[in-house]
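Chemist: got a structure for you, letters missing:
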């Protein structure tokens, strides 16, 4: 089972450095890893609708409505990194994100979002991609070689792209619904 530390430790091994057992062990490698991992892992999760990290929740409005323009505000879940879809019933709800709230003119929303999923719940291909991403991010600080750092960054980009491709192939593709513009491309048109 992967952990924050095991991902960073494996990335260090890939760079030819000694592995770490914790972020607090007092070595330069542990310090670099502990500084980079939190932001990079959130960026990694936020950058793609990973199947494993998606969550669905129905939200009720907060008791106080926004001061103007919108009829209701909905507090985002604590683990929400990125709002992916806001619906009211079967239809997209016109909305605006402000801070940690969703503003909308509906009485309730169905929220699909990317969560800040703990590493031990990640798909194995995500773990591998993040390990490469950490190797790329730590390469210069650990090896002092710009060439090696550039090589690891390129390898990380390829591995992340591969992981996104595999992730995107799982499940049924999203349906665009009955859209006149899309249907106009079919024989007989849609207008």
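Modeler: Thanks, I have the structure now. The structure presented is a predicted model; accordingly, all values stated were derived computationally and were not measured.

Chemist: Output the longest strand belonging to this structure.
Modeler: strand 80-88 (DSSP state E).

Chemist: Kindly point out the strands partnered with it and how each is oriented relative to it.
Modeler: Strands that pair with strand 80-88, judged by DSSP bridges, come out as strand 91-92 (antiparallel), strand 109-115 (antiparallel).

Chemist: hey, which of these is tucked in deepest?
Modeler: Among the strands paired with strand 80-88, strand 109-115 has the highest mean neighbour count (mean count of other CB atoms under 10 Å), at a mean of 19. (Each C-beta comes from the backbone N, C-alpha and C, glycine too.)

Chemist: Can you name the next helix or strand after it?
Modeler: Counting by DSSP states H and E, the next helix or strand C-terminal to strand 109-115 is helix 124-143.

Chemist: which residues touch that next one?
Modeler: 2, 7-8, 10-12, 14-17, 28-29, 32-33, 36-37, 40-41, 44, 50, 52, 119, 122, 145-146, 148-149, 151-157, 159-160, 162-163, 166-167 (CB atoms under 8 Å, 6 or more residues apart in numbering).

Chemist: Check the offset of it from the chain's centre.
Modeler: 16 Å (CA atoms, centre = their mean, to the nearest Å).

Chemist: the strands in this structure, which residues?
Modeler: So, for the chain - with DSSP E - the strands run 54-59, 72-75, 80-88, 91-92, 95-98, 101-104, 109-115.

Chemist: Any figure for the gap between residue 61 and residue 156?
Modeler: From residue 61 over to residue 156 the distance is 42 Å, taken as CB to CB, to the nearest Å.

Chemist: try residue 100
Modeler: 30 Å.

Chemist: Quick check on the two: which one has the bigger neighbour count.
Modeler: Neighbours were counted for residue 100 and for residue 156 using other CB atoms under 10 Å; residue 156 has more, 21 against 12.

Chemist: so residue 84 makes contact with residue 54?
Modeler: Yes. Under the contact definition of CB atoms under 8 Å, residue 84 touches residue 54, with a separation of 6.9 Å.

Chemist: Show me whatever sits in contact with both of those two.
Modeler: With CB under 8 Å, 6+ apart, residue 84 and residue 54 have common neighbours 112, 113, 114.
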